[in-house]
Structures are given as structure tokens and as C-alpha cells.
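In: Structure for this input, please:
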Amino acid sequence: MSVNDSERLWMRKSSEVAAKVNVAWWVEKFNWLLLGFLILSAVALLVVRSTVRPQLPYQPVLLILGGGILIVSLGAWAWSRSRFIDRGAALVRLDDVFQMHNRLTSAAAGIGSWPEKIPDVQSRSLRWSIPVTWVPILSGAALLALAWWFPIAERHPGTTVTPVEPGAWEQMEDWLATLEDEQLIDEESIEEYEEKIEELRAQPEEEWFSHSSLEATDTLQDSLGREIRDLASEMSSLERSLDALQKYNSEMSEGAKQQLMKEFEEALEALQNGGMQANEALLSQLGEIDPSQLGQESLSGMTAEQLQQLQEQLQQGGSALGSMEGLPSMSEDPSLQQGQLGQGTMPGLGEGPGMGGVDRGRADAPLFFGDEDDLRTDNLQGVNNKDLSRATPGEVLGIGESERDIDETKVGPVSGGEVSSTGRGGEAVSRDFLMPDEQAVLKRYFK
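Out: Now for the predicted structure:
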């Protein structure tokens, strides 16, 4: 082999070694930069898919990734360029690997000859490390692929997440819907409460569960519940009074009739003047009824069939209003537990125990024995305890009536008086009363 051929052989070998070393330096910097770029790209891809649209077109994404990889490559080249070697440094590396004792560097300087062939020494040649080279690249690519194929629910345009509003609003709207279906309440009263609910709903959503909003909601719910409960009680009272007067009018005493007619008029007046106005048609029908004529063959104002329909309407309305969800049932009405209008198996109604017969007392019987609490008298008598030895602290010893004695003497302007003594200064405003041992302590420090 000629000298020129040997020189070209070793120069080509040195160029290969220099290129391999330079590429290794570039790959080291490129891997870390590419890994960071792919992680940021995966995060950005997830954000875009979550906020904009889950399915993105391929072309823009590939263009962005290609541009980013190009920038990363240039940055890695600029970062690793200071560590690049030339062919002279590569010849030094070859001298060391092949143990030629600087024969190649000397030949390159024109001293000595070039070796004719390259020795076969594979154990000390440069080799790529697969884990170091490919693990960062594959890890970043896996993260990017996961961000691309990760399932994300598609967001339909126009759909918004409706916040949960207080349950009392929905319950009050259900009550108002029931009132409207029964057609027992004036529409203006229903609309008034609906407007109040809408005023609460018109607040900013973050204030729905504030203290003031919940307090206003509770107040409105309590007010509406009481109104509905009163309506149910009044309708039930009207229905019971009508039924009793119609069926047992001839068998009642005059006092029982007067009591029932009074209760009928009070319930009708409460129905007319309540917070929620009843239906005008219902009020007009009730206004045509004369309680004193109930039980007779002829009624002025309406027929027996119309009266029966009115009773059924009152019974159904009272039952529907009293059984609403969130309201106490009609069976929990305290007035019903006291037997004010009890309904027995025999004709005749009353409030007290009675004396038997058709004039008997309340229909229900007490479940336990006790002292009589109804004295059946309005006469007030004073109580006088003459044996004060048995009196207890706070006990009323007596009650009496007396009249005030009014002094009718006319009094004119009166002088307020004069100061009879001059003021003296330097005296103590207050005095401390101390124990002897306390006085001794004070004398020890304040002599």
C-alpha cells in the first residue's frame, strides 16, 4: 500500500472517530432538552384537549412538534459545540486505543510513516450505550402519546354546569304548584310568593348559601308553611261545621248550634282575611250559606247538591293542603287532639263531658285520669292563707282589689333650695378597709 493510501485510510478513520464523539456529545444534550420539550408538549396538549376540544387535527400538532424538535436540535448543537473534537484529537484517541505510541500524530506532523493497515482491536473501540441513548427519547414519546390518546369527554357547546340551589326553594315551588292545581287559592297570592322565590334565585350563585340568604329562605318557607297550614285548618273546620249543622241540626241544643255557627263564621272570616287569599268562587259560595238554615229542607242561595259538592271540595282541599310534604299532617293539628269538634257515633256534639243523651259531650274519651281543669265559672275569688307557717318563699298570700287615692292638692312652683355648706378639698374620695396584715404590708413599703 502506498504512502498516500495509508494516509487517506487513517484520515478517514480519524474523521469517523471525531464524528462519532461529536455526535455523542450532541445526543447527550439533545436527549435532556428533548425530554423537557416533550413533557411540556404533553401538558399543553392535555390542557388544549380539556379546554378547547378533545379531538385535534394531526397536521398542526405535527408541525408544532417538528418545529420544536428542530429548535431543540439547534440548542443542543450550540450547547455541546464546545466539546467537539477535530481529526487531530481523533488521531490521539486512535494512538491510545491501538497503542501505537504517537505514531499517527507523528506521521500527521510529517515525522515517520503511516501504518499500512488498521489493527483489529474491537475491545477498546467506541460503542453506543442503548439505555442512555434511547430511554429519555422513548419516555418523552410515551408521555406525548398518552396525552394524545388519553380519553377526555367531549364538551358539547352550550352546556353549562348548573349549581345546586337550596332545597327549600324547590319545596316551596312544589307547594305553590299544588295550590295552583287545587284551584283553591287566588293566583295573585301564588304569584307573590313565586316572585319572592325568584328574588332569592336572582342573587349571585356564590351567595345562595350565605347566612343572610338562608335566613331569608327559612323565613319565607316558615311564612308560606304557616299560611298553607292555616288554610288547611280553616277548610277542615268549615267542612266539619257544615257537616255537623246539616246532619244534626234538629238534634242539637241551642248552645251547640250557636257554638258551631260561631266557629263557622270565624273560620270563614279567617279564610277571607288570611295572608293567602282563597279563590273568589269558593268565597262567594261560602258567603251564600246561612248557617242557621242548615239542616232544613230548603236552603236560600244554593241547593242541597251544591252544598254537598262544596263540602267535598273543602274536604279534598283541606286534605291536600294538610298532607303536603314538609308540612305537619292534619292528624297533628292540636285543635283536633283537644276534641273541639269531635265526631262521635251518636248525634250531638259538645265541648265538655255532658250529661249523656243527644246532648252529650266531646266524642273522644281521655286516655288517662286526672283532676278536672274546667271549673265552668268566670267568677274570680281571692285566696287568703291565714296559716303563714306553711307559706313557701314566693307564694302568693293574697289577691285583693283596691283603688288609688289621688291627691288633688294643687302644687305651685317650689324653690329647689340652697347650698348650706361650702365645699372642702383635699379629702380622700374613697377609703379602703384593710385587714391588719394588709395594713402591715402597706406600711412596710409606704412609710
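In: going forward, measure contacts and count neighbours with C-alpha atoms only.
Out: Noted.
In: thought residue 115 was touching residue 6?
Out: Yes - with contact defined as C-alpha atoms under 8 Å, residue 115 reaches residue 6; the gap is 6.5 Å.
In: pull the helix or strand with minimum mean pLDDT from this protein.
Out: Using mean pLDDT, DSSP states H and E, helix 334-337 stands out as the lowest-scoring helix or strand of the chain, at a mean of 43.
In: following that one, which helix or strand comes up?
Out: Following helix 334-337 in sequence order, the next helix or strand is helix 436-445 (DSSP states H and E).
In: What are the contacting residues of that next one?
Out: Under the contact criterion C-alpha atoms under 8 Å, 6 or more residues apart in numbering, helix 436-445 has no outside partners.
In: Relative to residue 148, how far out is the closest residue to residue 280 other than its chain neighbours?
Out: Spatially, and ignoring its direct neighbours in sequence, residue 280 is nearest to residue 186 (7.1 Å; C-alpha to C-alpha, 6 or more residues apart in numbering). Per C-alpha to C-alpha, to the nearest Å, residue 186 is found 61 Å from residue 148.
In: What of residue 60?
Out: 13 Å.
In: Those two: who's more crowded?
Out: residue 148 (17 against 10; other C-alpha atoms under 10 Å).
In: helix, strand or coil for that one?
Out: Classification of residue 148 by DSSP: H, G, I helix; E, B strand; the rest coil places it in helix.
In: what about the residue lying closest to it once chain neighbours are set aside, distance to residue 69?
Out: Setting aside the residues directly before and after it, residue 148 is nearest to residue 45 in space (C-alpha to C-alpha, 6+ apart), at 7.0 Å. Applying C-alpha to C-alpha, the value for residue 45 to residue 69 is 16 Å.
In: I'd like the next helix or strand past the longest helix seen in the chain.
Out: Counting by DSSP state H, the longest helix found in the chain is helix 3-51. Using DSSP H and E, the helix or strand that directly follows helix 3-51 along the chain is helix 58-80.
In: In terms of secondary structure, what does that next one contact?
Out: If contacts are counted by 3 or more C-alpha pairs under 8 Å, 6 or more residues apart in numbering; DSSP states H and E, helix 58-80 sits against helix 3-51.
In: what sits against residue 200?
Out: 208, 213, 217.
In: pretty sure it belongs to a strand, no?
Out: No - Residue 200 sits outside any strand when classified using three-state DSSP, being helix.
In: Could you measure from it over to residue 170?
Out: Residue 200 is 12 Å from residue 170, by C-alpha to C-alpha.
In: can you check residue 47 too?
Out: Taking C-alpha to C-alpha, one finds residue 47 at 37 Å from residue 170.
In: try residue 97
Out: 87 Å.
In: When those two are compared, which one has more neighbours?
Out: More crowded of residue 97 and residue 170, by other C-alpha under 10 Å: residue 97, with 17 against 12.
In: Okay, now the unreliable bits of the stretch 251-400 of the chain?
Out: 251-253, 274-275, 288, 290-304, 306-307, 320-368, 372-386, 388, 391, 394-400 (pLDDT under 70).
In: Then the stretch 101-250 of the chain?
Out: In the stretch 101-250 of the chain, residues with pLDDT under 70: 120-126, 154-162, 245-250.
In: what about the helices in the stretch 51-200 of the chain?
Out: 58-80, 87-98, 103-108, 130-149, 167-182, 187-201 (DSSP state H, counting those that start in this stretch).
In: angle of the longest one against helix 3-51?
Out: Compare the direction of helix 58-80 with that of helix 3-51 by axes from the mean of the first three to the mean of the last three C-alpha atoms, to 10 degrees and you get 130 degrees.
In: Buried residues, helix 58-80. List them.
Out: The neighbour-count check on helix 58-80 (16 or more other C-alpha atoms under 10 Å) flags 69, 72, 73, 75, 76, 77, 80 as buried.
In: Could you dump the residues you listed into CSV and include pLDDT and distance to residue 11?
Out: Converted to CSV, the buried residues of helix 58-80 look like this (pLDDT from 0 to 100; distance: C-alpha to C-alpha, whole Å):
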residue, pLDDT, distance to residue 11
69, 90, 33
72, 91, 32
73, 91, 28
75, 92, 30
76, 90, 27
77, 92, 24
80, 88, 24
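In: In contact with the closest residue to residue 28 other than its chain neighbours: list those residues for me.
Out: Of all residues not flanking residue 28 in the chain, residue 133 sits nearest, at 7.5 Å (C-alpha to C-alpha, 6+ apart). By C-alpha under 8 Å, 6+ apart, residue 133 lies in contact with 27, 28, 31.
In: quick one: the first one and residue 143, what's the gap?
Out: What it means is residue 27. Remark: distance between residue 27 and residue 143 (C-alpha to C-alpha) = 20 Å.
In: Which of these two has more residues huddled nearby?
Out: A count of neighbours by other C-alpha under 10 Å puts residue 27 above the other of residue 27 and residue 143, at 20 against 17.
In: Residue 91 is in contact with residue 104, correct?
Out: Yes - between residue 104 and residue 91 there is a contact under C-alpha under 8 Å: 6.2 Å.
In: Between the two, which is the more surrounded one?
Out: Of the pair residue 104 and residue 91, residue 104 is the one with more neighbours under other C-alpha under 10 Å, namely 27 against 24.
In: Now do the contacts for the more buried one.
Out: With C-alpha under 8 Å, 6+ apart, residue 104 has these contacts: 91, 92, 94, 95, 114, 115.
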